[in-house]
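> Just the structure for this:
(one chain, ligands or ions: 2)
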Amino acid sequence: MPQSRRPARSRKSARARGRGHGRDAISLLKSDHAEVKKWFGEFEKASSVVRKQLLAQKICMALKAHTTIEEEIFYPAFLEATGDKDIHHEAEVEHDGAKKLIDEIEAAGPDDDYFDARINVLAEMINHHVNEEEKRGGMFARARGSDMDLESLGEQLRQRKRQIMEGGEATASGEPATAMPPRRGRGKIGAMLSRNGKGRDARHRAS
Ligand SMILES: [Fe+2]
Ligand SMILES: [Fe+2]
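Ligands and ions are numbered 1, 2, ... in the order given. Got it, this is the predicted structure:
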């Protein structure tokens with residue numbers, strides 16, 4: 001009978017997906033993209049300085065974690081499976097550009113005249129990069145057409161991301177990740193957020 005084609009195991013997988021587990025690598029990366037895109041949209045509409053600072057910090061942290069897991073896990077697997085140096089190298093160069101801008105945003109802080117401009121340019125860069133990854137014939141489409149084990153990579157990405165977000169792990173740029181003590185610039189945003197009791201760093205210090 002048709003309904004017997006999907007046994008209990010599939011229903012369990014569907015439930016697991018609902019809890020955020022069981023997603024493959026591409027679905028996990030695309031969901032990161034969507035989350036950051038949403039925050040960029042909220043930044044554009046925000047008028048309060050504190051709200052903008054919160055969003056900027058969330059965006060920078062999320063992008064650093066995302067680029068790290070792509071560079072450490074997904075991109076090498078992609079290159080090995082497809083041998084497509086053009087797509088791979090272009091993606092890494094785009095990451096480098098975004099990371100430089102993220103460093104500038106964190107170093108300058110919200111008092112800088114160029115704060116909004118930098119976030120807006122970062123949004124444009126990420127928009128372009130995400131489109132390159134998700135478009136027809138782009139990296140994710142090539143990955144889907146290859147023999148990459150996307151389920152296993154998804155699990156690796158998820159674990160590494162959790163490690164980074166919990167803090168103390170090095171990022172792709174060799175810097176400590178999210179729970180590091182405030183460094184130059186990061187402290188400007190972080191200090192203001194801590195005063196509001198909403199900063200991630202503040203939560204970590206409290207725990
Ligand atoms: Fe990505
Ligand atoms: Fe990327």
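
> Contacts (any at all) between ligand 1 and the longest helix seen in the chain?
Counting by DSSP state H, the longest helix found in the chain is helix 85-108. No - remark: helix 85-108 sits outside contact range of ligand 1, by Cβ under 5 Å from the ion, the gap being at least 8.0 Å. Where C-beta positions appear, they are placed from N, C-alpha and C, glycine not excepted.

> tilt between the helix or strand following that helix and helix 85-108?
Counting by DSSP states H and E, the next helix or strand C-terminal to helix 85-108 is helix 115-134. Between the axes of helix 115-134 and helix 85-108, defined by axes from the mean of the first three to the mean of the last three Cα atoms, to 10 degrees, the angle is 160 degrees.

> Touching the following helix or strand past helix 115-134 from outside, list them.
Per DSSP H and E, helix 115-134 leads on to helix 139-144 as the next helix or strand towards the C-terminus. With contacts defined as Cβ atoms under 8 Å, 6 or more residues apart in numbering, helix 139-144 is touched by 25-26, 29-30, 74, 78, 81-82, 84, 87-88, 91, 132-135, 150.

> Helix 139-144 near ligand 1 at all?
No - judged by Cβ under 5 Å from the ion, helix 139-144 stays clear of ligand 1, getting no closer than 8.3 Å.

> buried residues in that helix?
Neighbour counts using 16 or more other Cβ atoms under 10 Å place 139-140, 142-143 of helix 139-144 among the buried residues.

> Which two among those residues are spaced furthest apart?
Between any two of the buried residues of helix 139-144, the greatest separation by Cβ to Cβ is 7.3 Å, found for Phe140 and Arg142.
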